[in-house]
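Colleague: Structure of the sequence below:
(2 chains, ligands or ions: 1)
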Amino acid sequence: MLIVAPALLLAALLSLMGAVVIGLLSALWAELQPATAEDTGALPDPRANASLASIAHAAVSLCLALLVAALILRAVVTGHAPWSNMYEFNQAFAAAILAGYLGLERRLPIRSLAPLVAVPAAGLVAYSLTLRAEVVPLPPALQTPFFLTVHVGSAMLAYGIAAIGGAAAVGELMQRWRGDRLAWLPTAAVCRTASYRSVMLGMPVLTLAIVLGAVWANMAWRSYWNNDPKELAAATTWLVYAAYLHLAGRRDRWGASAPWFLLAGFGAVLFTYLAANLVIPGQHSYSGI
Amino acid sequence: MAHSLSRSRQAGLDRLARLADRLLRAIGDARLGVALLVAAGVANLLAAARADWRWLLDSPPYLTVVGAILITGVAAVAVRIPPVVREWLHPVPLANSRDVLATDVPLTTQLTGAERAHMLGALRSAGYRLSENTTPTSWLVAGTRRGWSRFSAIASHLSLVLLVVGGALGTAFAEETRFGLFPGEQSLLAGPRPAATSAVRFDGLDATFDERGRPLRFDTRVTFIHAGDVVRSQVLQVNDPGSFDGYLVHAWTYGPAVELRVEDLGGRTLFDGWVALGGSASSSRAPFVELPSLGATIGVEIANADANLARLIIAGEHGVSDTTVLGPGERRRLGNTLASLRGFATYVTFLSRRDPGMGILFAGGFLLAGSQAIAFYLPRRRLDLRPVTGRLIVRVRGERFDDAQPELQRVARIVERALSERGGGG
Ligand code: HEM
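Modeller: Below is the predicted model of the structure:
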C-alpha cells in the first residue's frame, strides 16, 4: 500500500499529463495546417488529428484504470467507500470525470475533448499526491456506510459529470468564437449536445445526492437543512443547472448563453468542493487536512 | 333571444379561458423561471460564502423568489398537462423538423389489412401506443413509446410544491426540546404539557477513543417509555437517532460528570446527586451546586483528568471561602460543609424533535430526483409510418438533444420483420 498507491497515482498523473500534452500538440498541428494548406492548396489532413485524439483517449482510459485500481486498494485497506476525506475525494472525483467522459464518448464523437477533460482530472490527482495518505478512523458522524457510500458517491459522480459539461462548454465557446474551424475539437453542435447530455445524466444524480444529504443531516445533525456552507453551495450548483436545463434547448439569445451557465455550474461545483471544505468553516469539514 | 344570450355567454367564457391560458403561459415562460432560479442561486452563493449574509435566505425578497419559482413552475406545467395527456392517449403524426429522423422500408405489394394489423401488433408489443388515421386514399400511423415520461417533467415541477409545503410546515410547527440527563434519569420528549407522556431514560454511555484520543464511537443506551410503561431500549449513535412517538431523539452533546454528596457539619445531607462538568453551551446543566440553606454555591471542575481528581470551590456572599481537591471515594471538609466524591460518570444532552413537514419534504425530494431520472433516462419516443408507392416511410423523433438513431433502426427492424413474416416486405 505504502508504495503501490503513490505509484498508481503518479502513473495516473503522467498519463493525464500525456493526454494534455497531446491535446496541445494536436491544437498546434491543426493551427499550422491551414497555413500550409493555403500555401500548397492541399486540404489539412484530419487523420493526424484523429490519431492524436485517439492517443489522448487511450491515455485517459489508462488513467481511469489506474485510478480505479487505487480506489479499490484504498477501499480494501480502509474498509469503507474510498471517499471519506480530501485525499480520497480527489481521486474519486477525477475517476468520475474520466468515467463520465468515457461513458458519453461511446455515444458521441467527442474523443477530441479528452485533453480538455484531462485538465481538471490531472489537477485533482496532483492535489491528491500532495495530501497525507494516512488511514485514520472515520469520525462517528461518518460511520454510516450507506450514506457515506451513496450520498458522497453520488455527489462525486455528479461533480465528475459536471466537469464534462464544463469541458464541452469550453469546446462550444471556442468553436463559436472560431466559426467551427478548430479541427482539433468537436463541432459546436456536438459540444452542445455533449454538454446537455452530461447535465441530463448528472442532474438527477446531483438531486439525489442533495436529498440523501438532507436525510443524513436530519439523522446526524438533527435537521435536514442547516444552512451549512456546503449545503448552500450545493443548492447554488443545483439552481444553476436547473436554470441551464431551461435554456439549453432555445435557439435564441437565451439559448446562446447556455455554455456560460455550464461554466458557472462547474465553478459552483469547485466552490462546493474546495471552498466549502477548506476555506469556509462549516459542519462538512471532513477534509482530513 | 335566449339562444343568442347563451351564445354570448359561451363566447365570454371562451375569451376568459383564452385569457387564462395566455396568462399562465406568460407566468410559466421558461425565461422567467431561469431569471428566478438565477436570483435564488446568487442568494445561496452569497450566503454560502459569508456567514454574515445568511440572513438573506430569511429575507422577504428571497422568500418571494422561492414563492415565485413555485408559482411559475406550476403555471408552466399547468398549461402543458392537457397536451401531454392528449398526445399520450392519441399520438399524433410528427411535425416536420430537423430532429425527425427517417428511413424507408421497401414494400413489394400494397399493404393488406392483415399485414397492417400484424405490423401494428409488433409495434405495440415493442411498447408503442398507436393511433391510426385511415381515409379511403391514405393510411397513417402515429405512435408514442414511454409517453408517460412526459409526466415526469410535470412531476418535477409539482414536487416543488411538496418541498415548499414541507419546509413551510416545518418552519411553522416543528418543535424541539433539549434536556441533559445523568445515567438513570429520564425526561419527557416534549416540553411539559398535559398530553405529553412519551419519555426517554438515559441508561449509560459507552464512548470509545483511539490511542490519540480521537472519538471512535459514542453509544448512548436509552429506554423509551410511554405512559409510564417501558416500550423498548435502544442504542443511539451520533448519526443514528431514536425514533419514538413521532419524535427523533438525538444524543447531542456528551460531557463528564461527578457524583457528589454534600453534608453540613452536623451530618445533614444538603445535596446528593450528579454535577455536570464544564458542559457545552447547549447543555442544560451547569457545574454548580446551589446550597440555599447555607447561602453558598459549590463549583466543580476537573483538577487533573489523568489522576481523576476534581476541584471543589465553595463561595458565599463574600466570595470564595474554601477549595479542595477530591478523588473518587474521598470525603473532605469544604468551608462549612463535608463533601464526598462518589465517582465520575458521563451525562448526555438529548434533543428531541418533531417536524410535521419532514415526510412531505422528503417525499418531494425523492419525487424530484426520481422524476428527473425518468424524464432524462427514459425519454419518450415518437414515430409515424406512411406508405408511399413501393416503400413505407418510417420516421422517429426523440426528445431534445436525444440520439434517436438507434430507435429508428429498432423500429425499422420491427416493421421489416413483421412485414417479412406476412410476406409484404421487400
Ligand atoms: C426549481 C426547480 C425546477 C426544476 C427541477 C425543473 C425541472 C424541469 C425539467 C426536468 C424539465 C424538463 C426538461 C426536458 O424535458 O427537457 C423542465 C421543463 C420546463 N420547465 Fe422547469 N423546473 C424547475 C423550475 C421551473 C420554473 C420556476 C419554471 C417557470 C417558468 C419552469 C418552466 C419550465 C418550462 C416552461 C419547461 C418546458 C420547456 C423547456 O424545457 O424549456 N421550470 N423543468
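
Colleague: So B:Ser233 sits against B:Ile225, correct?
Modeller: No - in terms of C-beta atoms under 8 Å, B:Ser233 does not count as a neighbour of B:Ile225; the distance is 10.2 Å. For every residue, glycine as well, the C-beta is placed using N, CA and C.

Colleague: And the helices in the chain, which stretches?
Modeller: Since you didn't name a chain, this refers to chain A. A:4-40, A:46-78, A:86-105, A:114-130, A:145-147, A:153-177, A:188-220, A:229-247, A:253-256, A:258-270 (DSSP state H).

Colleague: if you could check chain B rather than the one you did, that'd help
Modeller: B:2-27, B:30-49, B:60-78, B:81-89, B:113-125, B:149-173, B:358-377, B:405-422.

Colleague: got a markdown table for these, with distance to chain A, mean pLDDT and mean neighbour count too?
Modeller: Formatted as a markdown table, the helices of chain B follow (distance: least, C-beta to the nearest C-beta, whole Å; pLDDT from 0 to 100; neighbours: other C-beta atoms under 10 Å in any protein chain shown):
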| stretch | distance to chain A | mean pLDDT | mean neighbour count |
| --- | --- | --- | --- |
| helix B:2-27 | 14 | 83 | 11 |
| helix B:30-49 | 4 | 96 | 20 |
| helix B:60-78 | 9 | 95 | 17 |
| helix B:81-89 | 17 | 91 | 14 |
| helix B:113-125 | 24 | 92 | 16 |
| helix B:149-173 | 8 | 95 | 19 |
| helix B:358-377 | 4 | 97 | 20 |
| helix B:405-422 | 9 | 91 | 17 |
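
Colleague: Which among these is found nearest to B:Leu265?
Modeller: B:Leu265 lies closest, by C-beta to C-beta, to one member of the helices of chain B: helix B:149-173, at 53.9 Å.

Colleague: Now do the closest one against helix B:81-89, angle only.
Modeller: 140 degrees (axes from the mean of the first three to the mean of the last three C-alpha atoms, to 10 degrees).

Colleague: so helix B:149-173 versus helix A:188-220, what angle?
Modeller: 40 degrees.

Colleague: now what about helix B:149-173, what contacts it?
Modeller: The contact list for helix B:149-173, computed with C-beta atoms under 8 Å, 6 or more residues apart in numbering or on different chains, reads A:225, B:66-67, B:69-70, B:73-74, B:76-77, B:80-81, B:84, B:87-88, B:355-365, B:367-368, B:370-372, B:374-375, B:378-380.

Colleague: Then stretch B:374-381?
Modeller: So stretch B:374-381 is contacted by A:200-201, A:203-204, B:144-147, B:149-150, B:152-153, B:156, B:396-399, B:402, B:404, B:407 (C-beta under 8 Å, 6+ apart).

Colleague: I'd say A:Asn226 and A:Ala217 touch.
Modeller: Yes - the pair A:Asn226 / A:Ala217 is scored as a contact, 6.2 Å apart, by C-beta under 8 Å.

Colleague: Please say which of these two ends up with more neighbours.
Modeller: More crowded of A:Asn226 and A:Ala217, by other C-beta atoms under 10 Å in any protein chain shown: A:Ala217, with 22 against 17.

Colleague: so what's the nearest residue to the more buried one once chain neighbours are set aside up against?
Modeller: The shortest distance from A:Ala217 to any non-neighbouring residue, by C-beta to C-beta, 6 or more residues apart in numbering or on different chains, is to A:Tyr224 (5.5 Å). Residues in contact with A:Tyr224 (C-beta under 8 Å, 6+ apart) are A:Ala214, A:Val215, A:Ala217, A:Asn218, B:Met358, B:Leu361, B:Phe362.

Colleague: before we move on, back to that, would you mind giving the helices of chain B as a markdown table with distance to the ligand added?
Modeller: Formatted as a markdown table, the helices of chain B follow (distance: least, C-beta to the nearest ligand atom, whole Å):
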| stretch | distance to the ligand |
| --- | --- |
| helix B:2-27 | 7 |
| helix B:30-49 | 3 |
| helix B:60-78 | 3 |
| helix B:81-89 | 11 |
| helix B:113-125 | 24 |
| helix B:149-173 | 4 |
| helix B:358-377 | 5 |
| helix B:405-422 | 17 |
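
Colleague: do you know which of the ones you listed lies nearest A:Thr272?
Modeller: helix B:30-49 (8.0 Å).

Colleague: And the closest one, what does it pack against?
Modeller: Contact partners of helix B:30-49 among helices and strands, from 3 or more C-beta pairs under 8 Å, 6 or more residues apart in numbering or on different chains; DSSP states H and E: helix A:229-247, helix B:60-78.

Colleague: With A:Ala217 as the reference, measure out to the residue lying closest to A:Leu212 once chain neighbours are set aside.
Modeller: Among residues not flanking A:Leu212 along the chain, A:His151 sits closest, at 4.2 Å (C-beta to C-beta, 6+ apart). Using C-beta to C-beta, to the nearest Å, one gets 9 Å for the distance from A:His151 to A:Ala217.

Colleague: For B:Ala102, which of the helices of chain B is the nearest?
Modeller: Among the helices of chain B, helix B:405-422 sits nearest to B:Ala102 (C-beta to C-beta), with 7.7 Å.

Colleague: From the rest of the structure, what touches the closest one?
Modeller: B:101-103, B:105, B:107, B:112, B:114-115, B:118-119, B:121-123, B:126, B:381, B:383, B:385, B:392, B:394-396, B:398, B:425.

Colleague: So what's the gap between that helix and the chain middle?
Modeller: 44 Å (C-alpha atoms, centre = their mean, to the nearest Å).

Colleague: Do a quick rundown of the strands in the stretch 151-300 of chain B.
Modeller: B:175-181, B:186-188, B:198-209, B:215-226, B:229-236, B:242-244, B:247-264, B:269-276, B:288-291, B:296-304 (DSSP state E, counting those that start in this stretch).

Colleague: Redo those strands as a markdown table? Include mean neighbour count, mean pLDDT and distance to A:Arg111.
Modeller: Supplementary listing: the strands of the stretch 151-300 of chain B in a markdown table, determined by neighbours: other C-beta atoms under 10 Å in any protein chain shown; pLDDT from 0 to 100; distance: least, C-beta to C-beta, whole Å:
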| stretch | mean neighbour count | mean pLDDT | distance to A:Arg111 |
| --- | --- | --- | --- |
| strand B:175-181 | 19 | 89 | 55 |
| strand B:186-188 | 16 | 90 | 64 |
| strand B:198-209 | 17 | 88 | 52 |
| strand B:215-226 | 18 | 88 | 48 |
| strand B:229-236 | 14 | 93 | 53 |
| strand B:242-244 | 18 | 92 | 51 |
| strand B:247-264 | 20 | 89 | 51 |
| strand B:269-276 | 17 | 89 | 65 |
| strand B:288-291 | 16 | 88 | 72 |
| strand B:296-304 | 17 | 89 | 65 |
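
Colleague: Let me have those strands in TSV, adding distance to chain A as columns.
Modeller: Shown next, in TSV, are the strands of the stretch 151-300 of chain B (distance: least, C-beta to the nearest C-beta, whole Å):
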stretch	distance to chain A
strand B:175-181	8
strand B:186-188	16
strand B:198-209	9
strand B:215-226	5
strand B:229-236	10
strand B:242-244	10
strand B:247-264	5
strand B:269-276	20
strand B:288-291	27
strand B:296-304	23
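
Colleague: Distance to A:Arg107 added to those strands, as TSV?
Modeller: Below are the strands of the stretch 151-300 of chain B laid out as TSV (distance: least, C-beta to C-beta, whole Å):
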stretch	distance to A:Arg107
strand B:175-181	49
strand B:186-188	59
strand B:198-209	50
strand B:215-226	46
strand B:229-236	48
strand B:242-244	44
strand B:247-264	44
strand B:269-276	62
strand B:288-291	69
strand B:296-304	64
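
Colleague: Out of those, which gets nearest to A:Ala56?
Modeller: Across the strands of the stretch 151-300 of chain B, closest to A:Ala56 is strand B:215-226 (C-beta to C-beta), at 45.2 Å.

Colleague: Return the angle between stretch directions for the closest one and strand B:198-209.
Modeller: Using the same axes, to 10 degrees: strand B:215-226 against strand B:198-209 is 160 degrees.

Colleague: Does B:Gly242 touch B:Ser233 like I think?
Modeller: No - using C-beta under 8 Å, B:Gly242 makes no contact with B:Ser233, being 9.8 Å away.
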